[in-house]
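Peer 1: quick check, what structure comes out for this input:
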Amino acid sequence: MAPEKMNPAAGRTADGVRDASRAAGRSEHNTTAKASKASLTVRLDDRTLTVEGRLAQTLALLIQCGNRGVTAGEASPLGWARRTSHYVHELRQLGFTILTQWEEAGDARVGRYILAGAVAVVARGAA
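Peer 2: Have a look, this model is predicted:
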């Protein structure tokens with residue numbers, strides 16, 4: 001953006017942040033490699049599937065919880081499970097049978113997700 005169109009206050013703030021970052025010895029560019037995504041390879045029916053990232057973490061959690069299952073509220077404190085229902089939806093689209101058991105929670109209801117059917121873990125990747 002041309003300097004004459006910039007918000008002067010925003011420019012000063014950005015310059016101040018940049019100056020503070022330089023003074024602290026921080027690089028302006030992040031050249032570190034991204035952390036590897038978690039991956040999970042499983043045997044589902046007659047096929048082998050590999051899921052990565054949040055789907056792998058969600059599937060691992062469902063496997064770990066077994067018949068007890070997990071709610072979004074129980075998964076959220078883990079730090080990565082902010083969109084549990086979406087991850088469950090995506091796993092269902094891949095062919096995993098995941099039941100939803102509705103529970104009363106005060107004046108609302110929450111879904112408890114339970115992995116149904118046989119899923120055998122073949123390999124686990126970086127987390």
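Peer 1: please confirm that Leu40 is located within a strand.
Peer 2: Yes: using DSSP: H, G, I helix; E, B strand; the rest coil, the secondary structure at Leu40 is a strand.
Peer 1: so who does the residue nearest to it when sequence neighbours are not counted touch?
Peer 2: Nearest residue to Leu40 in three dimensions, chain neighbours excluded: Ala56, at 4.1 Å (CB to CB, 6 or more residues apart in numbering). Glycine gets a C-beta too; all of them are placed from N, C-alpha and C. Taking CB atoms under 8 Å, 6 or more residues apart in numbering as the contact definition, Ala56 lies against Lys37, Ala38, Ser39, Leu40, Gly125.
Peer 1: do the same with Asn67
Peer 2: Counting by CB under 8 Å, 6+ apart, Asn67 touches Ile114.
Peer 1: local confidence estimate at it?
Peer 2: For Asn67, the model assigns a pLDDT of 96.
Peer 1: for the residue nearest in space to the middle of the chain, give its distance to Glu103.
Peer 2: With distances taken as CA atoms, centre = their mean, the residue of the chain nearest its centroid is Arg54 (3.6 Å). According to CB to CB, to the nearest Å, Arg54 and Glu103 sit 23 Å apart.
Peer 1: Trp80 now?
Peer 2: Trp80 sits 23 Å away from Glu103, going by CB to CB.
Peer 1: the more surrounded of the two?
Peer 2: Per other CB atoms under 10 Å, whichever of Trp80 and Glu103 has more neighbours is Trp80, with 15 against 12.
Peer 1: SS state for that one?
Peer 2: Under the three-state scheme (three-state DSSP), Trp80 adopts coil.
Peer 1: list the contacts of the nearest residue to it once chain neighbours are set aside.
Peer 2: In space, Trp80 comes closest to Gln57 once its chain neighbours are excluded; the distance is 5.8 Å by CB to CB, 6+ apart. Under the criterion of CB under 8 Å, 6+ apart, the neighbours of Gln57 are Ala38, Leu78, Trp80, Ala81, Tyr87, Ala127.
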